[in-house]
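Engineer: sequence first, then the predicted structure:
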Amino acid sequence: MTTLRVDRVVTSGQFCLDGGCWDVDNNIWLIGDDEEVLIVDAAHQAEPILDAVAGRKVVAIVCTHAHNDHVTVAPELAEVTGAPIFLHPDDDVLWQQTNRGVGYTALWDGQRIGVGGAEVQVLHTPGHSPGSCCLYVPALGRLCSGDTLFAGGPGATGRSYSDFPTIIASIRDRLLTLPAETVVLTGHGDSTEIGAEAPHLQEWIDRGH
């Protein structure tokens, strides 16, 4: 039996919404062992992601949300690997902006996805987008937070389909209740821990962004 782990791939491209585009670097997380893997997010270029998969069986391609920079190459990855794409249906309006007419499998709160002998738990955490989800891997003490929680605070809520009070509620009720030592693997930038972020909740609320 091989060891369960999480690998990181970083790709670069643009995030586009509401008529503007911004250069971004995205973290793609691969949860699995030497035999099979779960791809978390599908940003910008398929080749570096497939290189990191390294021939393993891809159980699924899970999109934490449907902003274009997290779903760009999901259809390409699905075609190459034969794996299903999972996305929360509340983000369908955003998905259609990038991958119009491409099908996906509904991702739901409380769903459990097996990979490498472990379970990945789906937490619906709306706010950054209506269908934003985080993936918790209890066996590793890891949380893939997408763009819901970063080192230093919540994800952005200044654009369409996002809401600040909603993201605060998601972080407070769904994420900060996890063990303090849980490592938060973010959609962009550096990782953090639940225990490092939890004391700052009121500051974020007071700041209001």
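Structural biologist: Perfect, thanks for sending it.
Engineer: neighbours around residue 111, how many?
Structural biologist: Applying other Cβ atoms under 10 Å, we find 17 residues neighbouring residue 111. In this view, the C-beta of every residue, glycine as well, is placed from N, C-alpha and C.
Engineer: just give the nearest non-adjacent residue to it, would you?
Structural biologist: Sequence neighbours aside, residue 122 is the residue nearest to residue 111 in space, at 4.2 Å (criterion: Cβ to Cβ, 6 or more residues apart in numbering).
Engineer: the one you found pairs with what?
Structural biologist: residue 135 (DSSP bridges).
Engineer: quick one, what contacts it?
Structural biologist: 107, 108, 109, 110, 111, 112, 113, 133, 134, 135 (Cβ atoms under 8 Å, 6 or more residues apart in numbering).
Engineer: surely the first one touches residue 84?
Structural biologist: Read that as residue 107. No. Applying Cβ atoms under 8 Å, one finds residue 107 not in contact with residue 84, separated by 10.1 Å.
Engineer: neighbour count: those two, which is higher?
Structural biologist: Neighbour count, other Cβ under 10 Å: between residue 107 and residue 84, residue 107 has more, with 23 against 14.
Engineer: apart from its chain neighbours, what residue comes closest to the more buried one?
Structural biologist: Spatial nearest neighbour of residue 107, chain neighbours left out: residue 86 (4.2 Å); criterion: Cβ to Cβ, 6+ apart.
Engineer: now do the helices in this protein.
Structural biologist: 46-53, 68-71, 74-81, 92-99, 164-170, 194-197, 201-207 (DSSP state H).
Engineer: what's the angle from the third one to helix 46-53?
Structural biologist: The reference is to helix 74-81. Going by axes from the mean of the first three to the mean of the last three Cα atoms, to 10 degrees, helix 74-81 is angled at 50 degrees with respect to helix 46-53.
Engineer: what residues of helix 74-81 count as buried?
Structural biologist: Residues of helix 74-81 classed as buried: 74, 75, 76, 77, 78, 81 (neighbour count, 16 or more other Cβ atoms under 10 Å).
Engineer: can you list the buried residues in the lowest-mean-pLDDT helix or strand in the chain?
Structural biologist: Here the helix or strand of the chain ranked lowest by mean pLDDT, DSSP states H and E is helix 201-207, holding a mean of 95. Neighbour-count burial for helix 201-207 flags residue 204 (criterion: 16+ other Cβ under 10 Å).
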